[in-house]
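1. kindly generate the corresponding structure for this input.
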Amino acid sequence: MIATYLRIALRNLLKKKGHTFLNLTGLVIGMTCCLLIFHYVSYEKSYDTFHKNADDIVRLHIEKYQQGDLQWKSATVFPAIAPTMKKDFPEVADFCRLMDANALITNESNRQKFNETKGYFADASVLRLFNIPLTQGNAATALTGPDKLVVSQTMANKYFGTTDALGKTLTVKYNGLSLPYEITGVFKDYPANSHLDIKYIAPYDALKKIILTTWGDSSNPLENAWGWYDFYAYVQLKPGTDREKLAAKLPAFADKYMNSSEYAKKNNQKTILGMMPLKNVHLYSQLNQEAEVNGNGQAVGFLFLVAIFIIGIAWINYINLATARSVERAKEVGVRKVLGALRTDLIRQFLMESLLLNLAALILSLGLFFLLIHPFGRFTGQPDNDLTLSPHYWQLFLLVFVTGTFLSGLYPAFVLSGFQPIKVLKGVFRNSTSGVLLRKGLIVVQFATSVVLIAGTIIVYQQVSYMRNQQLGANIDQTLVVEGAMAQTDSVYRNAFQPFKTAVLQQTGVKQLANSSNVMGQEIYWTNSHKQVSKEGQAANTLYNLGVDADFVPMFGMKIIAGRNFSPTYGTENRNVLLNEKAVTTLGFPNAAAALGQRINSGRDTNTVVGVLANYHHQGLQKAIEPMLVRYMPDIRSYYSIKINTGNVQATVAAIQQEWNRYFPGDPFNYTFLDETFGAQYKADILFGKVFGIFAFLAILIACFGLLGLSAYNVIQRTKEIGIRKVLGASAQSILVLLSKDFMKLILVSLLVAIPVGWYIMHQWLQDFAYRIGIAWWVFVVAGILALFIALTTIILQAAKAVITSPVKSLRSE
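-> Have a look, this model is predicted:
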């Protein structure tokens, strides 16, 4: 019986090649798009799932409120929190803390040196908590005690030319110290699908030694500090822990250890402690001081829905085309029933056709998927070695496929098998009203989805363009940024920097040079709570600190709206500061002029305001402008910003490098161009726009396949009517209007449906941006006109055939 169903299904599909081609093409495109998007979503959702105890690990974070207003949310916390939680809460099984260990690392034997930024000081528990197996070394002792280093295989190979690095030594220059560290462990490269990028790990005890050496602080702040929030803290909970109950205990914990101090009460400060599951960090955490740039869970979820919509549009095409052919297949059903076929037999037959067509589409789409997966992975920035679809998403796709195939075949099967043979064979059969309404409703759904996708593409493009073209308040063009010289001691550096600066400024292609603690596009981690000295009872507010020399402000063309810039001629300039407009407001000054000459302090650090800067965007427009305090620090050496001419960039860079090697031979020459690094902040949004636009186009294309098929059947069914109208003198234009007006009405209805839905979805997406566009009404008009144009073109291509056909041919059978 199955063989019979299969043979008949094949015959019917091959009989109507055009109908089969449209359905098959739409389904192949829909399934391929669905697989590619599932692959992207699968990778984004796979972050940190490789950990053995991933389900039990949470990352801690804090929120700081002052006078009831949120000041910041930070992914880093105080170092005392995690061990205290281990002591106070029986639910906590283990913990580890990590702190950035950015340093200049050198192999003294071959003079290989690099500024490394992907390493951490960490508790010894990090190896077991994050399941980092060592290929060399003893995990039990590798991170116990100072002067040790555990490195990845790639890092070992970079410095030694081999992964066999156990027992070898690297010199780590950190915080003014030059320390020899023995390599006590080597691990396989840390997986790319993690919110942490770990190239090396130094023991937490090494950081304690550095603090004791440089600060002379024996109070053990790395264990006892409740105000220094530069530490990522992870807690492993015991299996079966009720996280909601544990989270309910955290407010009392925060009040006991963080909100009960006199300082917190005096300044009306409140710290809130929170937990986030490890597997959620990459997609759902957008806090200050994130270890890496995280993904966007909302965008990933939206693309997942797009995948479902695209394949759904393809199945809607199948339903519409199958039911549109009901008149054509009615006689076949009538004859079969007269010959004794049961309705269940006919349902199985039509379901077999659906299954056969969908299986063919599945086979072709799988081939396309494996052909496109590598180019698509590179396009979306996913590593080549991670271009797989997880078993969970294969199962999900299989579920979608089976469900869609069954449902899309079931309705036509019931409709077609339900025809009454007497009416059919007498020729009095017509399409049912309910069937026509369903087809119309499905067309509305298809094109409403298409209009939403078109409008969404336009809005994404507008938002990205707005961010990239908005005035920043600082001129970052033609700026070369060189990473700071860290190898020399402070005294040696002071004697070398000014001659280096003079030599660089003498180069033909160089216009200006300034040094600073951060450059535009970087998040500032250095914060303090400040208040006016003259207002005794005023609560302190958080300001973000930027250290610069006297050339920084004029070089970037920043506007001083009150007061003056720094000047080296002032002997006490290091006690003077600049504020931005946001800081003026935050500190309670009525205006910029009122802040001039006023003293502000943070603990024992008291400074005088000598100037006010106009607000400028230190980071991308996704983030709000923060209250900033700019300090005069002429010896700061984190970054050197150099304005250059665009005439011969390569020669200019080579000349700067020559001077660099002359004055700072112990430091690598690492440089970037500021406009490129600043623009990189929008990389994820640009990528989302491109991916969104591609799949929006394909969704519209699939919808047009369906419209093409429906309009073709509409023309066939009305062939005689068109012939009669032409004989009676109807014009070609009137016939085109006749054939297209019903479809155009449906497209207009779809536009009315799409406007509120599209506006809501894109309004929610825009909330992630501190500075964003408004959604203009004309966006949906353009989207609607574009959808109408595409639909009308598709319909006219079919209607034109009927218009140019001779009425003699149409009426010959009459």
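
2. return the distance of stretch 461-478 from the chain's centre.
-> Between the centre of stretch 461-478 and the centre of its chain there are 19 Å (C-alpha atoms, centre = their mean, to the nearest Å).

3. any idea how far apart the tips of that stretch sit?
-> 26 Å (C-alpha to C-alpha, to the nearest Å).

4. list the buried residues for it?
-> Gln462, Gln463, Val464, Met467, Leu472, Gly473, Ala474, Asn475, Ile476, Gln478 (16 or more other C-beta atoms under 10 Å). No exception for glycine: its C-beta is placed from N, CA and C like everyone else's.

5. closest one of the residues you listed to Asp100?
-> Ile476 (24.9 Å; C-beta to C-beta).

6. check contacts around the closest one.
-> Met520, Phe556, Leu674, Asp675, Phe678 (C-beta atoms under 8 Å, 6 or more residues apart in numbering).

7. how close does the nearest residue to the third one once chain neighbours are set aside get to Thr677?
-> Read that as Leu674. Of all residues not flanking Leu674 in the chain, Thr479 sits nearest, at 3.9 Å (C-beta to C-beta, 6 or more residues apart in numbering). Going from Thr479 to Thr677 by C-beta to C-beta, to the nearest Å gives 10 Å.

8. which of those two has more neighbours?
-> For the pair Thr479 and Thr677, the greater number of neighbours falls to Thr479 (25 against 16), based on other C-beta atoms under 10 Å.

9. and that one, bridged to which residues?
-> Going by DSSP bridges, Thr479 is paired in beta bridges with Lys643.

10. contact partners for it?
-> Counting by C-beta under 8 Å, 6+ apart, Thr479 has contacts Phe556, Ser641, Ile642, Lys643, Ile644, Phe673, Leu674, Asp675.

11. in ChimeraX, select just the buried ones from the residues you listed.
-> Of the contacts of Thr479, the buried ones go into a single ChimeraX selection, burial set by 16+ other C-beta under 10 Å:
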select :556,641,642,643,644,673,674
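
12. among the contacts of Ile476, which are in helices?
-> Leu674, Asp675, Phe678 (DSSP state H).

13. so can I have TSV of those residues showing pLDDT?
-> Below are the ones in helices among the contacts of Ile476 laid out as TSV (pLDDT from 0 to 100):
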residue	pLDDT
Leu674	93
Asp675	91
Phe678	89
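
14. columns distance to Val691 on top of those residues, output as JSON lines?
-> Listed next are the ones in helices among the contacts of Ile476 as JSON lines, based on distance: C-beta to C-beta, whole Å:
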{"residue": "Leu674", "distance to Val691": "27"}
{"residue": "Asp675", "distance to Val691": "24"}
{"residue": "Phe678", "distance to Val691": "23"}
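
15. tell me the spacing between Leu398 and Leu35.
-> Remark: distance between Leu398 and Leu35 (C-beta to C-beta) = 11 Å.

16. what element comes up after the worst-scoring helix or strand of the chain on mean pLDDT heading to the C-terminus?
-> Least confident helix or strand of the chain, by mean pLDDT, DSSP states H and E, is helix 421-426 with a mean of 50. Once helix 421-426 ends, the next helix or strand along the chain (criterion: DSSP states H and E) is helix 433-469.

17. what residues are up against Asn280?
-> Asn280 sits next to Gly297 when contact means C-beta under 8 Å, 6+ apart.

18. name the nearest residue to Pro634, ignoring sequence neighbours.
-> In space, Pro634 is closest to Asp549, 4.6 Å off (C-beta to C-beta, 6+ apart).

19. between Leu398 and Leu35, point out the one with more neighbours.
-> Applying other C-beta under 10 Å to Leu398 and Leu35 shows that Leu35 carries more neighbours, namely 27 against 11.

20. which SS class is that one?
-> helix (DSSP: H, G, I helix; E, B strand; the rest coil).

21. helices or strands up against the host helix or strand of Tyr544?
-> In the assignment (DSSP H and E), Tyr544 maps to strand 541-548. Contacts defined by 3 or more C-beta pairs under 8 Å, 6 or more residues apart in numbering; DSSP states H and E place strand 541-548 against strand 57-66, strand 69-74, strand 510-516, strand 527-532, helix 581-586, strand 628-632.

22. can you give me how far stretch 630-637 is from the chain middle?
-> 34 Å.

23. hmm, who's touching that stretch?
-> Contacts to stretch 630-637, defined as C-beta under 8 Å, 6+ apart, come from residues 484-486, 490, 493-494, 497, 515-517, 545-550, 553, 566, 568, 573-574, 576-580, 607, 613.

24. so how do I select the buried members of those in ChimeraX?
-> Those of the contacts of stretch 630-637 that count as buried under 16+ other C-beta under 10 Å are selected in ChimeraX with:
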select :484,485,486,493,497,515,516,517,545,546,547,548,549,550,553,566,573,576,577,578,579,580,607,613
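
25. quick one: mean pLDDT over stretch 474-484.
-> Across stretch 474-484, pLDDT averages out at 93.

26. now do it: distance from first to last residue.
-> Span of stretch 474-484 from end to end, C-alpha to C-alpha: 21 Å.

27. thinking again about what came up before, would you mind writing the CA trace of the strand holding Tyr544 as CSV?
-> These are the backbone C-alpha positions of strand 541-548, laid out as CSV (Å, rounded to 0.1, in the frame of the first residue of the first chain):
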residue,chain,number,x,y,z
ASN,A,541,28.7,60.4,43.7
THR,A,542,30.6,58.1,41.4
LEU,A,543,32.9,59.8,38.8
TYR,A,544,34.9,58.0,36.0
ASN,A,545,38.6,59.0,36.0
LEU,A,546,40.7,59.7,32.9
GLY,A,547,44.4,60.6,33.2
VAL,A,548,45.8,62.8,30.5
